[in-house]
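Participant: Quick one: sequence plus predicted model below, questions after.
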Amino acid sequence: MDFQKIREQVIEASLDLQRKQLIRGTSGNITIRTGDPDLIAITPTSIPYEKLTPDMIPIVDLKGRQVEGSCKPSSELPMHLAILKARPDVGAVVHTHSRFATVLSILGIDLPIVTIPLMLYAPSPAPLVPFKLPGSAELGEAAVRYLGENGTGLLLEHHGLVAVGADIDKAMTAAEYIEEGAEIAYYCQLAAGKIDAIPDDKVEELRRILESGRAL
Ligand code: 13P
């Protein structure tokens, strides 16, 4: 199987996260399922994103064995694999150390539905996962537990965010909206000492509008 296209997608998505300032340095990582149900492509560990070339991108099986790629997989491989094994509907996982998601996680706040885009991820856009060591199996287990069957996002305490989607575009969009929501929630907390979520009845109304096919 030729993994060139999927490897290019991993690089493109990484550079996009960097342009959007969701990742800095070598923090953050991405996985995308390849066409083979047992194989994923993942960012390598500790390589600056602008230096990545397709041949460097590791291809790894669901047991964590590397089958191709000149670089070692991300240290967060256990978390990515745990999520991809638990959620067959997920085609891509994005993990960032983005600023406002991290701030909110340190304040100990689950991200509520504070903006209209976040209602796409109702009822809970990004619950807070208590601190676990990066790269640990415990972090992967906790991520799976807090995502549940339908979750799209997580805040990782003192760490950042995780966003998942059916494909890389959806996972990237979720990461952007979660970070934007975290920023808005933080400023509300700063200005008013509270974060008001959109009331449940309004979320219901918005859902009906969305289901009618109108964009919000
Ligand atoms: P990697 O460079 O190994 O992906 O680790 C960075 C990171 O984001 C850890 O959470």
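Facilitator: That came through fine.
Participant: Closest to the centroid, which residue in this structure?
Facilitator: residue 163 (2.1 Å; Cα atoms, centre = their mean).
Participant: contacting residues for it?
Facilitator: Listed by Cβ atoms under 8 Å, 6 or more residues apart in numbering, the contact set of residue 163 reads 93, 94, 152, 153, 154, 171, 172, 174, 175, 178. In this view, the C-beta of every residue, glycine as well, is placed from N, C-alpha and C.
Participant: Among the residues you listed, pick out the one closest to the ligand, please.
Facilitator: residue 94 (10.9 Å; Cβ to the nearest ligand atom).
Participant: Give me the buried positions along the helix ranked longest in the chain.
Facilitator: Under DSSP state H, the helix in the chain containing the largest number of residues is helix 168-192. Across helix 168-192, burial judged by 16 or more other Cβ atoms under 10 Å covers 168, 170-186.
Participant: Stretch 107-122 too?
Facilitator: Buried residues in stretch 107-122 (16+ other Cβ under 10 Å): 109-115, 117-122.
Participant: Can you pick out the most distant pair from those?
Facilitator: Largest separation among the buried residues of stretch 107-122 by Cβ to Cβ: 109 and 120, giving 19.8 Å.
Participant: before we move on, what SS does the closest residue in space to residue 174 that isn't next to it in sequence have?
Facilitator: Nearest non-adjacent residue to residue 174, counting by Cβ to Cβ, 6 or more residues apart in numbering: residue 163, 3.8 Å away. Recorded secondary structure, residue 163: strand (DSSP: H, G, I helix; E, B strand; the rest coil).
Participant: what about residue 163, distance to residue 178?
Facilitator: Computed as Cβ to Cβ, to the nearest Å, the residue 163 to residue 178 distance reads 6 Å.
Participant: ok, now residue 139?
Facilitator: Counting by Cβ to Cβ, the gap from residue 139 to residue 178 is 18 Å.
Participant: Repeat that for residue 18.
Facilitator: From residue 18 to residue 178 the distance is 17 Å (Cβ to Cβ).
Participant: next one: residue 23
Facilitator: For residue 23, the distance to residue 178 - Cβ to Cβ - is 14 Å.
Participant: list residues touching both of these two?
Facilitator: Common neighbours of residue 23 and residue 178 (Cβ under 8 Å, 6+ apart) do not exist.
Participant: give the contact list for residue 159.
Facilitator: 97, 102, 105, 131, 134.
Participant: do the same with residue 92
Facilitator: Per Cβ under 8 Å, 6+ apart, neighbours of residue 92: 13, 30-33, 164-168, 170-172.
Participant: can you give me the helices in the chain?
Facilitator: Under DSSP H, the chain gives helices at 4-19, 77-86, 99-107, 137-147, 168-192, 200-211.
Participant: Touching the first one from outside, list them.
Facilitator: So that's helix 4-19. 23-24, 28, 30-32, 34-35, 41-43, 49-50, 52-55, 57, 59, 69, 92, 94, 96, 168, 172, 175.
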